[in-house]
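>>> need a structure here:
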Amino acid sequence: MQTSSARRHFLTSLPLAAIGLAMTSAGTGAQQTPSANTLVAYFTRTGNTRVIALQVRRARQAALIEIRPAEPYPEDYEETVAQARRETEQGFLPPLAQLVANLDQYQEVFLGFPIWGTTAPPVIRSFLRSHDLAGKIIRPFITHGGYGLGNSLDVIRSLAPSAMFEPPFSLEADQERRTMEQVRSWLG
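Sure, this is the predicted structure:
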């Protein structure tokens, strides 16, 4: 009786152990697919860029990594804008939460990010400085709040000068800014 109870406990705990192992390995780098030679690397604040990243991942059966700073940006939109402005003006490159450990296996990198202050966010600059993308095909996808791409393409090209760049996909996705403006107007 005790043996069958122990056996049943062991068998029922196997799926939980598998989930734990999967979560541990997912935190060490890009989420893998069996034969992916394409990586989707993206940074998002509100989730707009993530939507595009997930669609690209599905369409290309690509590996996926979210680019995150070691210290997250503030939740408050205006605090984030102020911090990003300071970082850009000072040339500060925030440390990253993780690096892509096996970048050599990827031939193509879809690089996604929002425009911050008419340029690429500091965390994207950190990502490009921290990874050698020489010889890789870079396909930028960029969200913005209505002001366009600014100098972001020049910035990413300067930080990955030996990569081959394809034309970017860009999308106006400024719901957060518009919402804040409408609430301010409503509040008077």
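
>>> alpha carbons only for contacts and neighbour counts from here, please
Noted.

>>> Next secondary structure after the least confident helix or strand in the chain by mean pLDDT?
Here the helix or strand of the chain ranked lowest by mean pLDDT, DSSP states H and E is helix 2-26, holding a mean of 39. Using DSSP states H and E, the helix or strand that follows helix 2-26 in sequence is strand 38-42.

>>> so what strands line up beside that following strand?
According to DSSP bridges, strand 38-42 forms sheet pairs with strand 63-66 (parallel), strand 108-114 (parallel).

>>> Give me the contacts around the last one.
When contacts are defined by C-alpha atoms under 8 Å, 6 or more residues apart in numbering, strand 108-114 is touched by residues 37-45, 49, 53, 120-121, 124, 136-144.

>>> for whichever helix or strand comes after that strand, packing partners?
The element immediately downstream of strand 108-114 (helix or strand, assigned by DSSP H and E) is helix 122-130. Helix 122-130 sits against helix 77-90, helix 152-159, with contacts defined as 3 or more C-alpha pairs under 8 Å, 6 or more residues apart in numbering; DSSP states H and E.

>>> Return the residues in contact with residue 59.
Residues near residue 59 by C-alpha under 8 Å, 6+ apart: none.

>>> Quick check: which of the strands paired with strand 38-42 is buried the most?
Each of those was scored by mean neighbour count; the highest is strand 108-114, a mean of 25, by mean count of other C-alpha atoms under 10 Å.

>>> Quick one: work out the angle between it and helix 122-130.
If you take axes from the mean of the first three to the mean of the last three C-alpha atoms, to 10 degrees, strand 108-114 sits at 150 degrees to helix 122-130.

>>> Can you show me the CA trace of strand 108-114 as PDB?
The C-alpha coordinates for strand 108-114 follow below in PDB (Å, rounded to 0.1, in the frame of the first residue of the first chain):
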ATOM      1  CA  GLU A 108      18.700  36.200 -39.300                       C
ATOM      2  CA  VAL A 109      17.700  38.500 -36.400                       C
ATOM      3  CA  PHE A 110      14.300  40.200 -36.300                       C
ATOM      4  CA  LEU A 111      15.000  43.200 -33.900                       C
ATOM      5  CA  GLY A 112      11.900  44.800 -32.400                       C
ATOM      6  CA  PHE A 113      11.600  47.900 -30.300                       C
ATOM      7  CA  PRO A 114       9.600  51.100 -29.700                       C
END
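
>>> can you give me the mean pLDDT across that strand?
Mean pLDDT, computed over strand 108-114, is 97.

>>> go on, stretch 46-61?
In this model, stretch 46-61 has an average pLDDT of 93.

>>> Kindly report the same for stretch 130-147.
Rounded mean pLDDT across stretch 130-147 is 95.

>>> Any idea how far apart the tips of it sit?
In stretch 130-147, first residue to last residue: 28 Å (C-alpha to C-alpha, to the nearest Å).

>>> Pick the most deeply packed of the helices and strands packed on helix 122-130.
Note that of these, helix 152-159 is the most buried (mean count of other C-alpha under 10 Å), with a mean of 17.
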